[in-house]
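In: Quick check, what structure comes out for this input:
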Amino acid sequence: MVQQAIVTLPAAPARYADDDAFRHGIAYYTGPVNTTRTLGRTLLLLIAYGTAAAVVYVASLLLLQHGIRPDIPWVAGAQQALFRAGMAGPAANWLALPGCIAPDPVLVYKPAEGRCEFNHIEFSTTLHFTAAGRDTGPRPAGPGIAVIGDSHAMGWGVNDTETFAAQLQQLSGRPVYNLGVASYGTVRELLRLERSGLLDQIDTVIIQYCNNDYNENRLFDGASRTALQEKIFGHGAADPDAAAGNAGNVLHGYWLTLKAPFKHLADRLRRKNFARHYEVLIDTLRKHAAALQGKRVIVFYSNPFGQRYRNYPLGRDAQLPNVYFADLGLTRADYFRFDSHLTPAGHRKVAAALLRELAATATAQRPH
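Out: Residues are numbered from 1 along each chain as shown. Presented below is the predicted three-dimensional model:
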């Protein structure tokens, strides 16, 4: 369908009074506007993309199920999304493993003391917990350091001696207590520290912060404890062995593959604003000021797949003078490809950076 478009122009300025187009107030565009052809080409492109996505979906899923992880951007992005959605079997979940956690009336759950096996497609690990947290090896004498945080600090996906807490103990020659627990927010991390019996043995607290701490730090109360307890220990969880080939799962996997390239680009470009996290975090630290009094507190962040913050403070905090903020420069390369946690090399990088932070802040800290 070819149309002729008529464009009406405004009255001509005086200097263009002799210009025919402006004098008559109209001009004609006689080029073709082929809407049918444009729509047809757009439809063909969408069909081609949809067909390619179907091929990538099937190939990515089959390769993933056979442990093959090619370094092809679209396939890698699709495999990551399919893995995290449990399309290649149940996604790695330490919290769901029998014998790895125990109920707790205040914290909802805590690591069960003893040995726990945690294996998946990218790692095979053994975790050992005591009342003093995850094992960091033989502890030297002297004032200790407590590491608190979520699964990144606990060491999801690495063995005991590979955690940055254990690495920091070796580098610093000081005892380091790894109190990190998967899915804890800062509020529960501080409660665990207060109940650990270690406050008299430490002079430094390292807090690993993560995106998902925000909501728990705002909302952790009696009602949220009950809801979390039901989520962790209740009987309403989905069956991890449900058939992966039903229509709903196939469509969901196809949709994840369709948007994988765009999500990959968005994740690389996006930086979350730390401003709202900061206010809630500082309020949480104030509520636990008694436990932190006289102690140096170093806060750094580790987000899934190395996602960065903007407006992240650095150095000594203006409101709480014993608190120091550090950006350790973590990147996507420091994390597993499918699992969102730090690799052993990523933990080593964190430990080395924290050692520098300990040295940099040592002279700034003064007794209260």
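In: Please identify the buried residues of whatever helix or strand Leu46 lives in?
Out: Per DSSP states H and E, Leu46 falls inside helix 35-65. Across helix 35-65, burial judged by 16 or more other C-beta atoms under 10 Å covers Ala53, Val56, Tyr57, Ala59, Ser60, Leu61, Leu63, Leu64. In short, each C-beta sits where N, CA and C put it, glycine included.
In: check contacts around Met87.
Out: Contacts for Met87 (C-beta atoms under 8 Å, 6 or more residues apart in numbering) come out as Leu61, Leu64, Ala244, Asn249, His252, Gly253, Leu256.
In: Can you flag which of the residues you listed belong to strands?
Out: Per DSSP state E, strands hold no members of these.
In: from the residues you listed, which has minimum pLDDT?
Out: Within these, Ala244 has the lowest pLDDT, namely 45.
In: what's the span of stretch 128-148, first residue to last?
Out: Stretch 128-148 has its terminal residues 16 Å apart, counting by C-alpha to C-alpha, to the nearest Å.
In: the inter-axis angle of the helix or strand hosting Gln79 versus helix 35-65?
Out: Assigned by DSSP H and E, Gln79 falls within helix 73-84. Using axes from the mean of the first three to the mean of the last three C-alpha atoms, to 10 degrees, the direction of helix 73-84 lies 60 degrees away from that of helix 35-65.
In: Show the average pLDDT along helix 73-84.
Out: Mean pLDDT, taken over the full extent of helix 73-84, equals 79.
In: Mind giving me the packing neighbours of the helix or strand that comes right after that helix?
Out: As assigned by DSSP H and E, the chain's next helix or strand after helix 73-84 is strand 101-104. Secondary-structure packing of strand 101-104 (3 or more C-beta pairs under 8 Å, 6 or more residues apart in numbering; DSSP states H and E): strand 108-111, helix 222-233.
In: Okay, now the sheet partners of strand 101-104, with direction.
Out: Strand pairing for strand 101-104, determined by DSSP bridges: strand 108-111 (antiparallel).
In: Show me how far the strand it pairs with is from its chain's centre.
Out: The chain centroid and the centroid of strand 108-111 are separated by 21 Å under C-alpha atoms, centre = their mean, to the nearest Å.
In: now stretch 136-148
Out: Worked out by C-alpha atoms, centre = their mean, stretch 136-148 lies 27 Å from the chain centre.
In: picking up where we left off before, contacting residues around the helix holding Gln79?
Out: Counting by C-beta under 8 Å, 6+ apart, 56-57, 59-61, 63-64, 69-70, 88, 91, 121, 253, 256-257, 260-261, 263-264, 337-340 sit against helix 73-84.
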